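Asks: Provided below are the primary sequence and the corresponding predicted coordinates.
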Amino acid sequence: MLYGFVYLFLEIMVFVYFASFLGGFYTFLEIIISGFVGVFLLKNFKYSLMSNMKDLAKGEISQADFIKLNVAKAIGAFLLVLPGFLTDIVGILLQFGVVTLLLTKIFKFKVVPQNQKTYTNDDFEYKNTNSQTNFNYTKKRRYDDDEIIDVEVTSDSKSINH
């Protein structure tokens, strides 16, 4: 919640600064143009995705970089759709892969160890090691025998033939 207020404060400060410098008409024009650019980038995101897939297939980028680049470009395009100068600046910067890679070098992400990945819930366990993948599915009882109620329905009606 605190980050939301900090963002809102910064957005208003940057917006007032640029709006006072540009004027009302150019500010309005910038908001409209950045919205159209953001929608255009979102609609053409598939081409950027295909380009990154080719780079991944060639081995020029890693799988983690592939995910980071594509997520950053999608978030950047969405930020361009939103009105505001700060969101537009961040959205434009996220469109460039070099900026995204620099940001991911600064901010570390949690990495799952490559030798073992495990996911479990009440009924299912998935374990992946380098040599094999194990799926364990166990149906757990969700009731006790004491809670089972046995019911028998009888009818005295003459319309039912036995």
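Replies: In hand now; what should we look at?
Asks: going forward, measure contacts between C-alpha atoms and count neighbours the same way
Replies: OK.
Asks: and residue 38, what's its pLDDT?
Replies: Predicted confidence (pLDDT) for residue 38: 93.
Asks: now the residue lying closest to residue 104 once chain neighbours are set aside. Its backbone dihedrals?
Replies: Nearest residue to residue 104 in three dimensions, chain neighbours excluded: residue 68, at 7.9 Å (Cα to Cα, 6 or more residues apart in numbering). Note on residue 68: its backbone torsions stand at phi -60, psi -40 [degrees, to the nearest 10].
Asks: mind listing what residue 68 touches?
Replies: Residues near residue 68 by Cα atoms under 8 Å, 6 or more residues apart in numbering: 100, 101, 104.
Asks: mind giving me the ChimeraX select for those residues, buried ones only?
Replies: In ChimeraX, a selection of the buried entries from those looks like this (16 or more other Cα atoms under 10 Å):
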select :100,101
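Asks: any chance of the contacts of residue 68 in a markdown table, plus distance to residue 54, pLDDT and secondary structure?
Replies: Output for those, formatted as a markdown table (distance: Cα to Cα, whole Å; pLDDT from 0 to 100; DSSP: H, G, I helix; E, B strand; the rest coil):
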| residue | distance to residue 54 | pLDDT | secondary structure |
| --- | --- | --- | --- |
| 100 | 18 | 74 | helix |
| 101 | 18 | 72 | helix |
| 104 | 21 | 72 | helix |
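Asks: tell me the spacing between the residue nearest to residue 104 and residue 76.
Replies: Computed as Cα to Cα, to the nearest Å, the residue 68 to residue 76 distance reads 12 Å.
Asks: quick one on the thing from earlier: between the contacts of residue 68, which is closest to residue 56?
Replies: residue 101 (14.8 Å; Cα to Cα).
Asks: and that closest one, what does it touch?
Replies: Contacts of residue 101 (Cα under 8 Å, 6+ apart): 65, 68, 69.
Asks: ok but the first one is inside a helix, no?
Replies: By that I understand residue 65. Yes - assessed by DSSP: H, G, I helix; E, B strand; the rest coil, residue 65 belongs to a helix.
Asks: got the confidence number for it?
Replies: So, for residue 65, pLDDT stands at 77.
Asks: ok, the last one next?
Replies: As predicted, residue 69 sits at a pLDDT of 78.
Asks: about what we covered before: nearest to residue 31, of the contacts of residue 101?
Replies: Relative to residue 31, the closest of these is residue 69; by Cα to Cα it sits at 25.0 Å.
Asks: many thanks, we can stop here.
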